[in-house]
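Q: Sequence first, predicted model second:
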Amino acid sequence: MKFNNLVKSFVAALVCLIILSCSDDQTTSPITPPPGNSNAPMAKFSDIQVKVFNSCAVAGCHSAASNQGNLTLTSGQSYSNLVNVQSVLFPSFKRVLPGDDGQSLLIKILKGDVNPRMPLNSTPLSNDVIDSIKAWINRGALNN
């Protein structure tokens, strides 16, 4: 029963991620591609927080009150809850392993490589958004 509640919480958090990523809010700058040969959009953690994680917290899935999967994604708390933190649901993975998107659970969950896929019961994040998060991780997952 405890595992089912964790899964439900985790899925709810992912749904929040999707909801925010589909927002029509144009007040923040778009994620733009980096110069050079890379096709991955450039993103800073602050961009990802505003465009993705804030929706997960506002929807109540990963707020301080609901804390689904022991993961709070509110501004000021999300970074320390993600980077170099062992996953509760998948203890063999860190939520975000700086420099290695392939071993970061966040990417596996967003891509649907593990279940539940996030956002839960919602449209998956676009490849561009996921690629942007991957690029942030591969650049060291800085708190920028």
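A: That came through, no problem.

Q: Point out where the protein drops to low pLDDT.
A: 1-42, 57-60, 63 (pLDDT under 70).

Q: which residues in it form helices?
A: 2-21, 45-48, 54-58, 78-82, 105-111, 127-138 (DSSP state H).

Q: Distance of the residue lying closest to Val88 once chain neighbours are set aside relative to Pro91?
A: In this structure, Val88 finds its nearest non-sequential neighbour in Asn70, 4.7 Å apart by C-beta to C-beta, 6 or more residues apart in numbering. Every residue, glycine included, has its C-beta placed from N, CA and C. Separation of Asn70 from Pro91 (C-beta to C-beta, to the nearest Å): 12 Å.

Q: who's more crowded, the two?
A: Asn70 (14 against 9; other C-beta atoms under 10 Å).

Q: check contacts around Asn81.
A: Taking C-beta atoms under 8 Å, 6 or more residues apart in numbering as the criterion, Asn81 is in contact with Leu71, Thr72, Leu73, Arg95.

Q: rerun that using 7 Å as the cut-off
A: Counting by C-beta atoms under 7 Å, 6 or more residues apart in numbering, Asn81 touches Leu71, Thr72.

Q: Repeat that for Phe90.
A: Leu105, Val114.

Q: do the same with Asp101
A: Under the criterion of C-beta under 7 Å, 6+ apart, the neighbours of Asp101 are Ile107, Lys134, Ile137, Asn138.

Q: Same list, those, but as CSV with neighbour count and distance to Val85 please.
A: Below are the contacts of Asp101 laid out as CSV (neighbours: other C-beta atoms under 10 Å; distance: C-beta to C-beta, whole Å):
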residue, neighbour count, distance to Val85
Ile107, 23, 15
Lys134, 22, 18
Ile137, 26, 13
Asn138, 17, 18
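
Q: Let me know the closest of the residues you listed to Lys44.
A: Distances from Lys44 to the contacts of Asp101, taken as C-beta to C-beta, are shortest for Ile137 (12.1 Å).
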